[in-house]
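Q: Sharing a sequence plus its predicted fold:
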Amino acid sequence: MGLEEIIPSIALILILFLVLPNFIKSNLKRKVFLKNLGIWGVITIVLVILVYFVS
């Protein structure tokens, strides 16, 4: 694993740490939280599939 993979991974983890607290704060109700988490899960899966087929 070279620096080309490590630096973007660290950047994504740091962005997650910045976004996650506000995401949880804005989704205090369990139903809303699970709905939003599901939407983001679907978006992530679609992006991973697109990247897999493109490259």
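A: Great, that's in hand.

Q: any low-confidence regions in the chain?
A: 1 (pLDDT under 70).

Q: mind running it again at 50?
A: For the chain, applying pLDDT under 50 flags no range at all.

Q: would you list every one of the helices in it?
A: For the chain, applying DSSP state H gives helices covering 3-26, 30-54.

Q: and the shortest one with helix 30-54, angle?
A: Orientation of helix 3-26 against helix 30-54 (axes from the mean of the first three to the mean of the last three Cα atoms, to 10 degrees) gives an angle of 160 degrees.

Q: Quick one: residues in contact with helix 3-26.
A: With contact meaning Cβ atoms under 8 Å, 6 or more residues apart in numbering, helix 3-26 is reached by 33, 36. (C-beta placed from N, C-alpha, C; glycine too.)

Q: Extract the C-alpha set from that helix and format it as CSV.
A: Listed next in CSV are the C-alpha coordinates belonging to helix 3-26 (Å, rounded to 0.1, in the frame of the first residue of the first chain):
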residue,chain,number,x,y,z
LEU,A,3,1.3,6.8,-0.3
GLU,A,4,-1.3,7.1,-3.1
GLU,A,5,-3.7,5.0,-1.1
ILE,A,6,-2.8,6.0,2.5
ILE,A,7,-3.3,9.8,2.1
PRO,A,8,-6.8,9.7,0.6
SER,A,9,-7.8,7.1,3.2
ILE,A,10,-6.7,9.4,6.0
ALA,A,11,-8.5,12.3,4.4
LEU,A,12,-11.7,10.3,4.1
ILE,A,13,-11.5,9.2,7.8
LEU,A,14,-10.9,12.8,8.9
ILE,A,15,-13.9,14.0,6.8
LEU,A,16,-16.0,11.3,8.5
PHE,A,17,-14.9,12.5,11.9
LEU,A,18,-15.9,16.1,10.9
VAL,A,19,-19.3,15.1,9.5
LEU,A,20,-20.4,12.3,11.8
PRO,A,21,-21.2,14.4,14.9
ASN,A,22,-23.5,16.8,13.1
PHE,A,23,-25.1,13.9,11.3
ILE,A,24,-25.9,12.2,14.6
LYS,A,25,-27.0,15.4,16.2
SER,A,26,-29.5,16.2,13.4
